[in-house]
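Enquirer: One predicted model, sequence on top.
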There are 2 protein chains.
Amino acid sequence: MEKPTGFKDYSIEETIIRKQLIEKIENVFRLFGFMPMEQIIMEKTNVLFAKSGDAIKDEVFLIKNEDVGLRFDLTLGMARYIASKRDLVKPIKRYIIEKVWRNEEAQKGRLREFLQADIDIIGVKEETAELEILKCLSTALDTLNLNYEILLNSRDFLDKYADENNIKNKQEVFRIIDKSDKIEERELIKQLEAMNAKPFIELIEKDKKLANEEKISLIKDYSEDFKVLSFLLQHFPNAKIKLSLVRGLDYYNRTIFEFKDESNLTIAAGGRYDNLLSIFGQGDFAIGGSIGFDRIWSLKREMFMKNTKKWFVYIINFPETLNASFEIAEKLRRNNIACDVNLTKRHISKQLEYANALNISHVIIVGKKELQEGKIKIRNMESGEEKILSIDETIKFFRMMKTG
Amino acid sequence: MEKPTGFKDYSIEETIIRKQLIEKIENVFRLFGFMPMEQIIMEKTNVLFAKSGDAIKDEVFLIKNEDVGLRFDLTLGMARYIASKRDLVKPIKRYIIEKVWRNEEAQKGRLREFLQADIDIIGVKEETAELEILKCLSTALDTLNLNYEILLNSRDFLDKYADENNIKNKQEVFRIIDKSDKIEERELIKQLEAMNAKPFIELIEKDKKLANEEKISLIKDYSEDFKVLSFLLQHFPNAKIKLSLVRGLDYYNRTIFEFKDESNLTIAAGGRYDNLLSIFGQGDFAIGGSIGFDRIWSLKREMFMKNTKKWFVYIINFPETLNASFEIAEKLRRNNIACDVNLTKRHISKQLEYANALNISHVIIVGKKELQEGKIKIRNMESGEEKILSIDETIKFFRMMKTG
């Protein structure tokens, strides 16, 4: 039987590496003082469609016979929860590393289930919130050894620029520009011309020609956000203002940003959404950023999977030493040494094959003869080196390996 | 706007504790040599209903316009995946700590989303697999400071006992007995009488009267599983055979077990399901156990939430020391000391209130005067004690707290 299209199974080896990467990201989030907050995976449709309306409707997995659907991002549920609470101490810095689902048409390799790592700050209007989010995301990406360029813009600027230039169908124009990385420039310009959106064609031209400072002074003519962007450029001198940067989601209203990898693919992104919480009952300043974990995984899987050697102890036994080997396992585990023990009646050579196949670094062989002297044999599976040690010596040996 | 009924939001404080508990369980699973394996949350309906059929149909969240539903346990998806792979090294010991969903009628406080912690061993027919699963689950429950009693039985015995006693509607009888903890004994007996299942009324009587050894010799008359059960009783002398123990799920076929808490509620359970993998294409021996994390959470929340003091550093600043305090935060974080920094322009007294409300143990006050001498002030929020230290001394101070 098959799994649904667009869903991916992961092997044990992949899961181990994925968990290590998640732990690295989570450690950075914690270092920056973000706190975890668990969310439910389903929301009522009035929450899901509160801001994006029809634009997202077709992409949501809806539940049969119920007015609920699976979350397509990690922001809406949090906003609904926080806006419903009156007694929360603000600002709130929260993180979440969990799955979201988008019911997109199942194309070649396109996933419909993916893991995202989000951080949000609720209750700070100052540009320090932007700085903290960008610092935290860039530190997390650094920890994963990724290269990236930071792009910055202001949604407020885009809005006002569109208004002053009498652009009628703003949302649609934004949606076209948002796809600029996916369609050819010629096609992009054609579509913008068809919408009478020449001022945005000019923006795209200016993105190629102008330096950061010139872009800032253009933004200054339309939005106060030029201050925030200048502040961020002081702390990230290599970041770039991209005047034509729009983020797809409708709830961003001020600063927006993207982290692009070497191939110009977005691996993290976010922005300010000061207007979102108010629809759920209690407004507040808010900004968030999201690392596209599964996007990064699909791009860098080979790199991440290189280092899969397991540090792990496997206990090999004979039928007559089975009970003893379980006791040895118990002692090791009590001393915080992870180990597995042979559970089958198969021959010692099969057990060694198994340990080899699993890439296990050390085996303990529990033989009757050594056991009578209170000892066991330890074999380094890489070098073949063997030692005969007492249980206490064995525990010391593995403890030293762990710390050393 | 509201959340769907039967779904629970968790606060930051709760999530921190929940994550600590999950980490404890996960550490035990790892100590026992179980490896993580990530699974998708949706499966096609032919997978979901492969074994349980109509019995579970009403409880599954189905996706609109698609032939898929959300998983209601963590076993089926794993069985589907492993049975589809030809090259896996066996035995496999996997663990998974993730959510499942059951679309039960939303009664008072009844959850429809809950977290389970599962371990499974695929490819071992020997009773050592039973032992390893029970040892690992009991160690995990011990780590959570829970009290429990282990109940054991054999599904194979129940099947054969029913057959020899000419019980016609076996599955239905099992389903009634499975509810024995939820309905009154009088009612239970009435229902069994109505189904001509007097031999099962006798089993319930015998459960009250017989000692473990007597039950084992009764099982011996029907099933080879008496050997496995005897073996397990050697290792768990306090465990009890419960002849009328049935586990609800249809895929168990041999050993079954339950961990009951002081109030006779099931907090962990599992069994052998040697026949399940073959429906997915490639049969093998299999056994698994599951800790009902959210069941335990709902029972012991108060106990777990007692210890919520945060070890955490908060940096207080003034507008003129804002940049400096960001630099200090960066240095601490580089030295692996988690800290948060004030992002707002509010007064120092408000910042101290905030640190108090968040239960933060230490604050750093970045004042202009101290800063000119290259120093900062550190206040212990519990004792009120203050120190003036250089950045390097500060790092040493917090590092010592961490290790000490």
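Expert: The structure has been received and is ready for your questions. The model shown is predicted, which means the values in this text are computed figures rather than measured ones.
Enquirer: Helices of the stretch 301-404 of chain A, start to end?
Expert: A:322-334, A:348-357, A:368-372, A:391-403 (DSSP state H, counting those that start in this stretch).
Enquirer: Quick check: the gap between the spatially closest residue to A:N169 that is not a sequence neighbour and B:Q351.
Expert: Closest residue to A:N169 apart from its sequence neighbours, by C-beta to C-beta, 6 or more residues apart in numbering or on different chains: A:M195 at 6.2 Å. Where you see a C-beta, it was placed from the backbone N, CA and C, and this is true even at glycine. Separation of A:M195 from B:Q351 (C-beta to C-beta, to the nearest Å): 49 Å.
Enquirer: repeat for A:L332
Expert: For A:L332 relative to B:Q351 (C-beta to C-beta), the value is 48 Å.
Enquirer: Name the next helix or strand following the helix or strand of chain A with the lowest mean pLDDT along the chain.
Expert: Counting by mean pLDDT, DSSP states H and E, the weakest-scoring helix or strand in chain A turns out to be helix A:54-57, with a mean of 75. Using DSSP states H and E, the helix or strand that follows helix A:54-57 in sequence is strand A:68-70.
Enquirer: show me what contacts A:A83?
Expert: A:L277, A:S278, A:I279, A:F280, A:G281, A:Q282, A:G283, A:D284 (C-beta atoms under 8 Å, 6 or more residues apart in numbering or on different chains).
Enquirer: now the helix or strand harbouring A:E172: mean pLDDT?
Expert: Assigning secondary structure by DSSP H and E places A:E172 in helix A:170-178. The average pLDDT for helix A:170-178 rounds to 89.
Enquirer: for that helix, packing partners?
Expert: helix A:155-164, helix A:185-194, helix A:198-209 (3 or more C-beta pairs under 8 Å, 6 or more residues apart in numbering or on different chains; DSSP states H and E).
Enquirer: Tell me which of those helices sits nearest to chain B.
Expert: helix A:155-164 (19.8 Å; C-beta to the nearest C-beta).
Enquirer: ok so, going back, A:M195 and B:Q351: who's more crowded?
Expert: B:Q351 (19 against 15; other C-beta atoms under 10 Å in any protein chain shown).
Enquirer: Give the helix, strand or coil label for A:N238.
Expert: Recorded secondary structure, A:N238: coil (DSSP: H, G, I helix; E, B strand; the rest coil).
Enquirer: Any figure for the gap between it and B:I40?
Expert: Taking C-beta to C-beta as the measure, A:N238 falls 38 Å from B:I40.
Enquirer: Figure out how far the longest helix seen in chain A is from the centre of its chain.
Expert: Determined from DSSP state H, the single longest helix within chain A is helix A:12-31. Centroid separation for helix A:12-31 versus its chain: 9 Å, with C-alpha atoms, centre = their mean, to the nearest Å.
Enquirer: Show me what the helix or strand just after it is packed against.
Expert: Sequence order places strand A:35-36 as the next helix or strand after helix A:12-31, per DSSP H and E. Where contact means 3+ C-beta pairs under 8 Å, 6+ apart, strand A:35-36 is packed against strand A:92-101, helix B:12-31.
Enquirer: Out of these, which one sits most buried?
Expert: Highest mean neighbour count of the helices and strands packed on strand A:35-36: strand A:92-101, a mean of 21 (counted as mean count of other C-beta atoms under 10 Å in any protein chain shown).
Enquirer: and the angle from it to helix B:12-31?
Expert: 60 degrees (axes from the mean of the first three to the mean of the last three C-alpha atoms, to 10 degrees).
Enquirer: Just the CA trace of the helix or strand following strand A:92-101, in CSV.
Expert: Using DSSP H and E, the helix or strand that directly follows strand A:92-101 along the chain is strand A:113-122. Taking Å, rounded to 0.1, in the frame of the first residue of the first chain, the C-alpha atoms of strand A:113-122 are listed here in CSV:
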residue,chain,number,x,y,z
GLU,A,113,4.0,18.3,4.5
PHE,A,114,7.0,20.3,5.8
LEU,A,115,8.8,21.3,8.9
GLN,A,116,9.2,24.9,9.8
ALA,A,117,11.2,26.6,12.6
ASP,A,118,9.6,29.8,13.7
ILE,A,119,10.4,32.6,16.1
ASP,A,120,8.1,35.5,17.0
ILE,A,121,8.2,38.5,19.2
ILE,A,122,4.9,39.9,20.4
